[in-house]
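1. A structural model of the following input is requested.
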Amino acid sequence: MYYSISHFSLITLSAIGLGMVSEAKLIFDDLIRNGQADGVSYATMMYLDQSRGMLDEANDVAEALQKSGLLTDPASYNSVMASYVVSGKLRECAELLHQMLAQRMLPDASTFKTLFTVLKKGGIPSEAVLQLESLYNEGRPYARQVIITSLFSVVGLHAFALESCDAFVSAEVALDFFAYNVAIYAYGALGEVDKTLNLFMRMQDDGLKPDIVTYIFLAGCYGKAGMVEGLRHIYGLLKYGEIEPNASLWKTLIDVYEDAGKHDLAKMVDQEMRFSIHTEQDESENAKLPYIVSIALHSQIL
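-> This next block holds a predicted model:
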């Protein structure tokens with residue numbers, strides 16, 4: 001039987017409400033056989049599979065769309081990238097983004113929504129994601145390039161990350177600390193210590209003060225390169241209050257010490273972190289006491 005795209009649309013609407021997934025799949029397969037399937041029908045089938053929790057099937061449709069030659073606009077790329085993210089295929093999503101960029105297609109708002117999801121799932125610190133979201137929402141110079149660089153670094157596509165990073169690092173326009181942080185992350189993820197430290201010093205020469213995200217990425221670089229002294233320096237700044245205590249930085253130090261096989265140092269930092277957290281909680285409770293006492297006294301007077 002011959003089915004049209006309009007038949008598929010009607011059945012898909014019914015499938016969402018009545019669970020007619022198999023009927024929709026039969027029509028979709030028929031559209032493919034007859035060469036009638038377009039990007040919208042592929043995207044619709046992906047959405048239907050995902051809505052039913054059929055992630056493997058949705059991923060198969062996404063891969064078929066990628067091979068179909070129908071990826072001709074940002075919307076079609078976005079649908080496949082979103083499907084890959086739902087399935088946890090973060091690297092494949094980033095590779096598809098690179099393909100999209102190679103076709104001279106500009107990512108749109110939906111693309112960046114997907115990219116932020118990848119960054120969150122990829123393990124980048126929440127503080128860094130918030131910075132990048134702020135950068136994007138404010139329309140800062142190089143915002144998009146900085147976010148794309150971060151994405152490639154997160155999934156381990158370091159060659160792409162450095163290519164993207166060079167686009168703004170080598171420019172003659174002044175960088176803000178968001179851009180510096182991402183560049184430090186990109187070079188640090190490869191263990192390029194000299195380049196990372198040069199950027200760190202250049203950042204300060206430009207009058208920009210390193211923040212928590214800077215030190216998190218710097219610690220990652222030191223850990224990647226096995227530079228224990230560098231990690232000790234950041235730990236000292238954190239322990240003695242020159243850096244405001246931060247859970248993500250504590251965790252980064254613990255993780256990189258563990259990765260470097262310095263389990264004793266990781267344990268020491270873990271104990272210090274627990275002590276710091278308890279101290280902050282005690283100070284917070286003590287700060288409330290005068291207010292609580294004043295309320296109690298006022299109640300007694302009344």
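
2. can I get stretch 198-211 in CSV, CA atoms only?
-> What follows is stretch 198-211, C-alpha atoms only, in CSV (Å, rounded to 0.1, in the frame of the first residue of the first chain):
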residue,chain,number,x,y,z
ASN,A,198,50.8,31.6,29.1
LEU,A,199,47.1,32.2,28.8
PHE,A,200,46.7,32.3,32.6
MET,A,201,49.4,35.0,32.8
ARG,A,202,48.1,36.9,29.8
MET,A,203,44.7,36.9,31.5
GLN,A,204,46.1,38.6,34.5
ASP,A,205,48.2,41.0,32.4
ASP,A,206,44.9,42.1,30.9
GLY,A,207,43.7,43.0,34.4
LEU,A,208,41.3,40.1,34.7
LYS,A,209,41.2,38.3,38.0
PRO,A,210,41.0,34.5,37.9
ASP,A,211,37.8,33.1,39.3
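
3. which other residues reach that stretch?
-> Here stretch 198-211 makes contact (CB atoms under 8 Å, 6 or more residues apart in numbering) with Val169, Ala174, Leu175, Asp176, Phe177, Tyr180, Asn181, Ala183, Ile184, Tyr187, Thr214, Leu218. All C-beta atoms are positioned from the backbone trio N, CA, C, and that covers glycine.

4. kindly indicate which of those residues lies nearest Gly122.
-> Closest approach to Gly122 among the contacts of stretch 198-211 (CB to CB): Asn181, at 15.8 Å.

5. and the closest one, how far from Lys224?
-> 16 Å (CB to CB, to the nearest Å).

6. look up how far Arg33 lies from the nearest residue to Asp176 once chain neighbours are set aside.
-> Nearest residue to Asp176 in three dimensions, chain neighbours excluded: Arg140, at 6.5 Å (CB to CB, 6 or more residues apart in numbering). Distance from Arg140 to Arg33, counting by CB to CB: 48 Å.

7. touching, the residue nearest to Asp176 and Leu175? I think so.
-> No: applying CB atoms under 8 Å, one finds Arg140 not in contact with Leu175, separated by 10.0 Å.

8. between these two, which is the more surrounded one?
-> More neighbours surround Leu175 than the other of Arg140 and Leu175, with 22 against 15 (other CB atoms under 10 Å).
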